[in-house]
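Visitor: Pasting the sequence and the predicted model now:
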Amino acid sequence: MKNAKRGGIVYSFIKRAFDIVFSATALFFLSLPMALVALVIVCDSKGPVFYRSVRIGKGGKEFAFLKFRTMFDGADAQQEKLLEKNEIEGGVIFKITDDPRITRVGKVLRKYSIDEIPQLICVLRGDMTLIGPRPGTPKEVALYDERAVRRLEVKQGLSGEWQVKGRNNVSFTEMIDMDLDYIDNKRSLLYDFKLIFMSVAEIFRGTGK
């Protein structure tokens, strides 16, 4: 696998240091709100507080991915029945509007990206970074063509180029275009900080689904 064209040792070191400081600080101050969210999830529907799954990180390495549960327990088993309703062109990523598997509380958590907060643990562990391509599941990555596989040249991120500029309104091909443009042309501390601020703005706008 090729090395990323942008981002040297200094960039990588500072990026990792910022990831650690930011994620640790955020988890500390968000610990109480996270506990309240966990309580609401448990009261709203049966099932675990967290949704755990395997994702593919940099270099094709698997890691444990964590989110607040926003769907009814056992929702993954129902996906096959809903494949024909997939709205993401290309068939690699699955997404539908008004997914019947999402709980009442889950809709709110997704709208404001609150369900993504536990991924700060993944960032702190070093499995993810704050800014980078979104990690795919093993099933999704198995469908990647040679061009899409290049997303795995860098550490996968909590947010990134297409999340703040395209969100749910881009095709899989357009998502890959944005990710590779970031990898090849835009990776820098200044641009990463810009995407972090844009990500926060998107959260307050409630553009998640």
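Guide: Structure's in. What do you need? Numbers count the residues shown, from 1 in each chain.

Visitor: residue ranges of the strands in the protein, please?
Guide: With strands called from DSSP state E, the chain shows them at 50-56, 62-68, 129-131, 157-159.

Visitor: Return the most buried member of the ones you listed.
Guide: Mean neighbours per residue, mean count of other CB atoms under 10 Å, is largest over these for strand 129-131, with a mean of 25. Glycine gets a C-beta too; all of them are placed from N, C-alpha and C.

Visitor: tell me what that strand is packed against?
Guide: Packing partners of strand 129-131 (3 or more CB pairs under 8 Å, 6 or more residues apart in numbering; DSSP states H and E): helix 9-29, strand 157-159, helix 189-205.

Visitor: ok, now which ones touch L27?
Guide: By CB atoms under 8 Å, 6 or more residues apart in numbering, the residues touching L27 are M34, L120, I121, L124.

Visitor: at 6 Å instead, please
Guide: Residues near L27 by CB atoms under 6 Å, 6 or more residues apart in numbering: L120.

Visitor: what's the distance between it and I121?
Guide: For L27, the distance to I121 (CB to CB, to the nearest Å) stands at 7 Å.

Visitor: ok, back up a step: out of the helices and strands packed on strand 129-131, which gets the lowest mean score?
Guide: Ranked by mean pLDDT, these end with helix 189-205 at the bottom, a mean of 90.

Visitor: out of the strands of the chain, nearest to R147?
Guide: The closest of these to R147 is strand 50-56. By CB to CB, the value is 15.9 Å.

Visitor: From the contact counts, what lies against that closest one?
Guide: Contact analysis of strand 50-56 by 3 or more CB pairs under 6 Å, 6 or more residues apart in numbering; DSSP states H and E lists strand 62-68 as its packing neighbours.

Visitor: again, 10 Å this time
Guide: Secondary-structure packing of strand 50-56 (3 or more CB pairs under 10 Å, 6 or more residues apart in numbering; DSSP states H and E): helix 31-44, strand 62-68, helix 119-125, helix 138-141.

Visitor: Low-confidence ranges, the chain, go.
Guide: 1-7, 78, 80-81, 83-91, 93-94, 166-168, 207-209 (pLDDT under 70).

Visitor: one more time with 90, if that's ok
Guide: Across the chain, the ranges flagged by pLDDT under 90 are 1-9, 71-101, 161-175, 200-209.

Visitor: circling back: any idea which of the helices and strands packed on strand 129-131 is most buried?
Guide: The highest mean neighbour count among the helices and strands packed on strand 129-131, using mean count of other CB under 10 Å, belongs to strand 157-159: a mean of 23.

Visitor: Give me the sheet partners of that one and which way each runs.
Guide: Strand 157-159 has the following sheet partners, assigned by DSSP bridges: strand 129-131 (parallel).

Visitor: contacting residues around the strand it pairs with?
Guide: With contacts defined as CB atoms under 10 Å, 6 or more residues apart in numbering, strand 129-131 is touched by 12, 15-16, 18-19, 22-23, 26, 57-58, 119-120, 122-123, 154-161, 163-164, 182, 187, 189, 191-196, 199.
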